[in-house]
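Asker: sequence unknown, structure follows:
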């Protein structure tokens, strides 16, 4: 290839007609076209690269449709506005190019350069069902910065602009599924290098998949650390930090204080595999508020809280936002002080509901940071008493399923490693509930533990009658037979039955647990992480139950409750609920009815960036 000179993509006439700032942008943009051709990423006339015109948020430069990349110069670029009107140059506008690029220029003004390409060596990766995996060091350049946009056909619908902009979010690269890639940057160099590393990442992924060999992924913690290091030593950054203790390692034990520097919230709506029902609930998805606390040591603490309907999740987000000032700039090791300040703030509106959910999110994320700073799993920091904990399957045998479906699912659960499972009751008649429980018991045999959950849907007398009928099936417990506020009624049910009574998931804080225990309401206490107030309060509730010789089984939040199962002697099991599993990079393995408690630092589970983007609200 012959040497390329500046004259190949500039002209004296063009320089005279443009301001110095505008001419510089034109030259940078023309250079990007030539580099794209040099790297073999051009696609005849079909790719496009644009740059915002200096001094405006509403106009940008693009190349004339029909020109090959080698024909693009700074002088023959055209200028268009947000409506697609050509302000300078001939009216040769690529419609799809305008739709894609105006989406970014209108909604992300910080990104002055936008680069769209269909590189043949990487294009196949846009069709990967589960997103593009991180395999090698270069991938960390884009860790947490990749969004995904589903293919909608040719990008000629102006309405698609809003979805493109939303799916990019705060990222730097957008994978346009079954189509191509889009990268952005404040400078031409940043946009180009983002595309370069995206293509490298995809080429590696395609080659790795083609090899057929088993691959060993790095941990999310290493990706996060490497991403921070790349940010500190990005290509061309001559003003970055020195090679000092604050950069190398990022989390040195000599740095005893840690400061929370930023709080990020993401809203996601995770669909369930199919609609499900209990005696009082109808569910199609779980809407979550994800919290990330960033620190000056490069560590990130994560947690989440949720609602059963997406319509209420923004109210939960607003409550959390109202308390974030209590943690901003603080050391997460001071969680006792942070929690007490939040507790005092709650007084005017009460210590139940979304106020406690906000406390849970902050408390849990702080503990995640504390464990990561110590490079220890939380159950070890709390004082481990076991490395495995019993679990039971709670994600099936719903009231909305037929008997045949329940029987088939029970067999699948046993094959999946469970030795205990829960069936929902609350049918229109007692006879129907008895029939459902009998069918599942007959299917699983006497050696598999069977639990029943009424989800607070019964009166005291109905619960007692049904409880007596179900005693022949040797249930492990009868859960929430009556509304949670009716502690006296629940105590009556407990006194009347041989089957143990389990409850507590709908009550709040240690004070709610105290009321349940003092009124002799349960045989098994079931605190819920979101309603209890976080890991700090969960440990207090476990200690309280232990003083009453009442065992504990944690409710939902399986991933984040495993540390409690590993540290609290009175915790006899954790509920296995699969709803939130798609949000995490890590998974849980059930073997012989037990779950191994992870030895990864902190909580041991981290959000999957692609999943967060995919479920983003």
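Answerer: Received, thanks. Keep in mind that what you see is a predicted model, and the values were worked out from it rather than measured.
Asker: element containing the residue nearest to residue 551 when sequence neighbours are not counted, please.
Answerer: Closest residue to residue 551 apart from its sequence neighbours, by CB to CB, 6 or more residues apart in numbering: residue 572 at 4.4 Å. For every residue, glycine as well, the C-beta is placed using N, CA and C. Counting by DSSP states H and E, the element that carries residue 572 is strand 571-576.
Asker: and that strand, which residues are buried?
Answerer: 571, 573-576 (16 or more other CB atoms under 10 Å).
Asker: check whether residue 480 really touches residue 503, as I assumed.
Answerer: Yes - the pair residue 480 / residue 503 is scored as a contact, 5.0 Å apart, by CB atoms under 8 Å.
Asker: from residue 409, how far off is the residue nearest to residue 551?
Answerer: Separation of residue 572 from residue 409 (CB to CB, to the nearest Å): 24 Å.
Asker: where does the prediction get shaky in this structure?
Answerer: The chain contains residues with pLDDT under 70 at 1-18, 231-256.
Asker: repeat the analysis, applying 50 as the threshold.
Answerer: 1-16, 235-255 (pLDDT under 50).
Asker: what is the longest strand seen in it packed up against?
Answerer: For the chain, the strand with the greatest residue count under DSSP state E is strand 260-277. The contact analysis (3 or more CB pairs under 8 Å, 6 or more residues apart in numbering; DSSP states H and E) places strand 260-277 against strand 282-295, helix 313-321, helix 609-614.
Asker: now those in JSON lines, with distance to residue 514 and mean neighbour count?
Answerer: Output for the helices and strands packed on strand 260-277, formatted as JSON lines (distance: least, CB to CB, whole Å; neighbours: other CB atoms under 10 Å):
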{"stretch": "strand 282-295", "distance to residue 514": "28", "mean neighbour count": "20"}
{"stretch": "helix 313-321", "distance to residue 514": "24", "mean neighbour count": "18"}
{"stretch": "helix 609-614", "distance to residue 514": "37", "mean neighbour count": "20"}
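Asker: mind listing what residue 509 touches?
Answerer: Shown in contact with residue 509 (CB atoms under 8 Å, 6 or more residues apart in numbering): 351-352, 356, 531-533, 537, 541.
Asker: residue 277 versus that one, what's the distance?
Answerer: Counting by CB to CB, the gap from residue 509 to residue 277 is 29 Å.
Asker: again, but for residue 221
Answerer: For residue 221, the distance to residue 277 - CB to CB - is 39 Å.
Asker: neighbour count winner among those two?
Answerer: Per other CB atoms under 10 Å, whichever of residue 221 and residue 277 has more neighbours is residue 221, with 18 against 15.
Asker: now do the contacts for the more buried one.
Answerer: 372, 600-601, 606.
Asker: thinking again about what came up before, buried ones from the contacts of residue 509, can you make that a PyMOL selection?
Answerer: Buried members of these, defined by 16+ other CB under 10 Å, are picked up in PyMOL with:
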select buried, resi 356+531+532+533+537+541
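Asker: would you format the contacts of residue 509 as CSV with secondary structure included?
Answerer: Listed next are the contacts of residue 509 as CSV, based on DSSP: H, G, I helix; E, B strand; the rest coil:
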residue, secondary structure
351, coil
352, coil
356, helix
531, helix
532, helix
533, coil
537, helix
541, helix
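Asker: quick check, nearest of the contacts of residue 509 to residue 73?
Answerer: Distance from residue 73 was checked for each of the contacts of residue 509 by CB to CB. The minimum falls on residue 356, at 62.8 Å.
Asker: what residues are up against that closest one?
Answerer: 346, 508-509, 530-533.
Asker: relative to strand 260-277, how tilted is the helix or strand where residue 370 lies?
Answerer: Secondary structure assignment for residue 370, by DSSP H and E: helix 354-374. On the basis of axes from the mean of the first three to the mean of the last three CA atoms, to 10 degrees, helix 354-374 is oriented at 120 degrees to strand 260-277.
Asker: quick one: distance of helix 354-374 to the chain centre.
Answerer: Distance, stretch centre to chain centre, for helix 354-374: 16 Å (CA atoms, centre = their mean, to the nearest Å).
Asker: that one vs strand 282-295, what angle?
Answerer: Using the same axes, to 10 degrees: helix 354-374 against strand 282-295 is 50 degrees.
Asker: surely residue 513 touches residue 544?
Answerer: Yes - counting by CB under 8 Å, residue 513 does reach residue 544; the two are 5.7 Å apart.
Asker: looking at the two, which one has more neighbours?
Answerer: Comparing residue 513 with residue 544 by other CB under 10 Å, the one with more neighbours is residue 513, at 27 against 21.
Asker: how about that one, what does it touch?
Answerer: Counted by CB under 8 Å, 6+ apart, residue 513 has contacts 504, 507, 525, 527, 532, 541, 544-545.
Asker: of those, which belong to helices?
Answerer: Per DSSP state H, helices hold the following members of these: 532, 541, 544-545.
Asker: name the nearest of those residues relative to residue 212.
Answerer: Proximity of the ones in helices among the contacts of residue 513 to residue 212 was ranked by CB to CB; the top entry is residue 532 with 47.2 Å.
Asker: apart from its chain neighbours, what residue comes closest to the closest one?
Answerer: residue 538 (5.0 Å).
Asker: these two touch, right, that neighbour and residue 554?
Answerer: Yes - counting by CB under 8 Å, residue 554 is a contact partner of residue 538 at 7.5 Å.
Asker: need the residues touching each of those two.
Answerer: With CB under 8 Å, 6+ apart, residue 538 and residue 554 have common neighbours 527, 529, 561, 564.
Asker: picking up where we left off before, how about the longest strand of the chain: buried residues?
Answerer: Neighbour count says strand 260-277 has 260, 263, 266-270, 276 buried, by 16+ other CB under 10 Å.
Asker: what's the closest of the contacts of residue 509 to residue 442?
Answerer: residue 531 (35.6 Å).
Asker: just checking, that closest one touches residue 505?
Answerer: Yes - with contact defined as CB under 8 Å, residue 531 reaches residue 505; the gap is 7.1 Å.
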